[in-house]
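> Structure of the sequence below:
(4 chains)
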There are 2 protein chains.
Amino acid sequence: MSVRRESNTEARGPSARARGLTHRHPSEVPLQDALDAVADPVRRTILRELAGRPDWTRACGTFDLPVSKATRSHHFAVLRAAGLIEQRDEGPRRFNRLRRAEFDQAFPGLLALVLAERV
Amino acid sequence: MSVRRESNTEARGPSARARGLTHRHPSEVPLQDALDAVADPVRRTILRELAGRPDWTRACGTFDLPVSKATRSHHFAVLRAAGLIEQRDEGPRRFNRLRRAEFDQAFPGLLALVLAERV
DNA sequence: TAAAGTGTTCGATGGAGGTCGACCACATGA
DNA sequence: TCATGTGGTCGACCTCCATCGAACACTTTA
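Just a heads-up that it's a prediction; the model follows:
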């Protein structure tokens, strides 16, 4: 293995921003928090859009939402605290991943209801 | 068919109170309403207590809830509108039934999460 | 260094809904 | 007819949270 330059974050470790990124595993999330998270229509839109693309391909700003970026940031924080998404910084952008398997094991069927919703 | 007196409500038809009882089938309930209904801890307590007894054996006043009867009445109305319970008047009391099968068909897994919650 | 792009934090605001007391409606029994 | 018990309705209150603009922090690039 040579000493070639790495361009991803793994080689450099977490950035200053990513250091403050706290995640919670779905198994540690109370049902109350999970229900509160999915009870909001904007957050359900985020989840559905996230499910339609491969993991780590959607930055927070790329979602089509009828709210300001401050509100948007708030919603992503709630989803993260509810164990519904995982986030990773890449340069100035924050990419997202839907925690399908983990969340479905903790709350079977709940995420499926959200993703099946026809808006 | 003779003209003998009937003592149950079916023979006399719905009482004056029951006439104003509007139910909604779970299949007609939007996901938003279903999630809002189960997102409240008092309502989840009602659902769990209801699941622990046979159908039509629990009147509204027999539930152990930390709220006034006005609030209690409000919660039962929300659960009814969400297709989670069915109500039937018997004398001055209003008995309840959990709409397990119907609701589970409309929102698979959701009610199970509520009933499995350990308080 | 400066500028542009992305995202968070802060403080304030508004609305939705949970809560209550009081009163009302209905059924039952004395 | 009256009293009692059950439950709903009404109006008011209050808390929580979604929302926003503004300011800030970090990264990248010119």
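
> and chain A, which of its residues are near DNA strand C?
On the criterion C-beta under 7 Å from any atom of the strand, DNA strand C has as its neighbours in chain A the residues A:17, A:20, A:59-62, A:69-70, A:72-74, A:76-77, A:87, A:92-94. All C-beta spots, glycine's among them, are computed from the backbone N, C-alpha and C.

> Also near DNA strand D: which of those, exactly?
For DNA strand D, the contacts drawn from the residues of chain A next to DNA strand C by C-beta under 7 Å from any atom of the strand are A:R17, A:K69, A:A70, A:H74, A:P92.

> For the residues you listed, work out which two are farthest apart.
With distances taken as C-beta to C-beta, the most widely separated pair in these is A:H74 and A:P92, at 19.3 Å.

> Can you pick out the residue with more neighbours from the two?
A:H74 (14 against 9; other C-beta atoms under 10 Å in any protein chain shown).

> For the more buried one, pull up the helix or strand it's in.
In this assignment (DSSP states H and E), A:H74 forms part of helix A:69-81.

> List just the nearest of the ones next to DNA strand D among the residues of chain A next to DNA strand C to chain B.
Proximity to chain B was ranked across those by C-beta to the nearest C-beta; first place goes to A:H74, at 17.9 Å.

> follow-up on the earlier one: and the next element down the chain from the helix holding A:H74?
According to DSSP H and E, the helix or strand after helix A:69-81 is strand A:85-90.

> That next one vs helix A:69-81, what angle?
Comparing the axes of strand A:85-90 and helix A:69-81 via axes from the mean of the first three to the mean of the last three C-alpha atoms, to 10 degrees yields an angle of 120 degrees.

> The helix or strand just after strand A:85-90 pairs with which strands?
Using DSSP H and E, the helix or strand that directly follows strand A:85-90 along the chain is strand A:93-98. According to DSSP bridges, strand A:93-98 has the following sheet partners: strand A:58-59 (antiparallel), strand A:85-90 (antiparallel).

> mind putting these in CSV, mean pLDDT and mean neighbour count included?
Compiled in CSV, the strands paired with strand A:93-98 are given as follows (pLDDT from 0 to 100; neighbours: other C-beta atoms under 10 Å in any protein chain shown):
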stretch, mean pLDDT, mean neighbour count
strand A:58-59, 98, 18
strand A:85-90, 97, 18
